[in-house]
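Asks: sharing a model prediction with you, sequence too.
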Amino acid sequence: MTDDKATGATMRIAVTGAAGSLGGRVVRLLAGRADVDVVAMTRRKPPADALPPQVEVAVADYADLPALRAALKGVDVLVFISSDGPDARVLLHHRNVVAAAAAERVGHVAALSSVDADPASPFCYAVVNRLTEDLLLASGVPCSFARASLYMEFFRSWLTEARATGLLRLPAADGRVSLVARDDVARALAALALGEPTGRHHDITGPESVDLAGIASITAEAWETPVAYVDIPADTYCAETAATGLDPWWLYAFSSMFASVREQRWDRVRNDYTQLTGRLPLTLRDVLSAHG
């Protein structure tokens, strides 16, 4: 990486997954800075109004190594946001991104990971997260990791259903989760990208860890409607969710996630976010009240 911070020169920062909910947030945060040129890496060309007009768009599918390399030419920093879908495919995509970053001598990769990056976890993406971290560390590319907890917005679909029925029916037992806002994860990734590589992970969590009964209580208060948590067996959850027509892979992904919740793998509160950004993380009440 060129010494842009020391010379005051413009940094060239690329963001994978730039058309997604998280990547788009990171792009908009960085595009508002005069000292940054942003390259938005997307699988397909987005609509003209999807990204800020000053942002350069590079179409580069995770599966297309030559396109990834072309997009990363001359890039100082890469914000590496995970691919999605079946875990084997995601790992292949991540290998391509790491290979492209190493080949193009990117100076710093600020990578999204997960609080649950333990290979012993039942969560289907935990092994992928850890292997991706290991690939980056072994590549020689300077890197930093934002290990995010579960997104509040991700849970919101279940909470919206519970708002209508009065019941939050999920197979989480007494598992506790520190839900985090996507806005906060985006700010953490942007802060990492603008700083020097740390060579380690930073846990990006919400400000409190609560069980699903607590989440139901917060939801009821924020939306002023009765919501109660009902713990259901994993088999019941799978059968009921399969009946909705959900793709089998995502049924497995969600059920494995709840298995990791039951093992208390998301019960973690850290102040890394505040150290990186100087801000306090949003609470679930904040997010639900803002989008009631």
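Replies: Ah, there it is.
Asks: report the buried residues of stretch 51-71.
Replies: For stretch 51-71, a neighbour-count test (16 or more other C-beta atoms under 10 Å) marks L51, V55, V57, A58, A60, Y62, D64, L65, A67, L68, R69, A71 as buried. Where you see a C-beta, it was placed from the backbone N, CA and C, and this is true even at glycine.
Asks: lowest-confidence entry in those?
Replies: Looking at pLDDT alone, these dip lowest at L51, where the score is 91.
Asks: in the helix ranked longest in the chain, what counts as buried?
Replies: Of all the segments of type helix in the chain, defined by DSSP state H, the longest one is helix 87-103. By neighbour count with 16+ other C-beta under 10 Å, helix 87-103 contains the buried residues D87, V90, L91, H93, H94, N96, V97, V98, A100, A101, A102.
Asks: of these, which is the nearest to A120?
Replies: Nearest to A120 out of those is D87 (C-beta to C-beta; 15.2 Å).
Asks: what pLDDT is listed against the closest one?
Replies: D87 is given a pLDDT of 95.
Asks: again with D4
Replies: Looking at D4, its pLDDT stands at 55.
Asks: let me see the ranges of the strands in the stretch 51-200 of the chain.
Replies: Listed in chain order, the strands of the stretch 51-200 of the chain (DSSP state E, counting those that start in this stretch) span residues 56-59, 77-80, 108-114, 143-148, 167-170, 176-177.
Asks: who's in contact with the nearest residue to P233 once chain neighbours are set aside?
Replies: Using C-beta to C-beta, 6 or more residues apart in numbering and skipping the chain neighbours, the partner closest in space to P233 is P171 (6.3 Å). By C-beta atoms under 8 Å, 6 or more residues apart in numbering, P171 lies in contact with D231, I232, P233, A234, T236, Y237, S255, F258, R262.
Asks: hang on, the earlier thing: just the strands of the stretch 51-200 of the chain: most buried one?
Replies: Most buried of those by mean neighbour count (mean count of other C-beta atoms under 10 Å) is strand 77-80; its value is a mean of 29.
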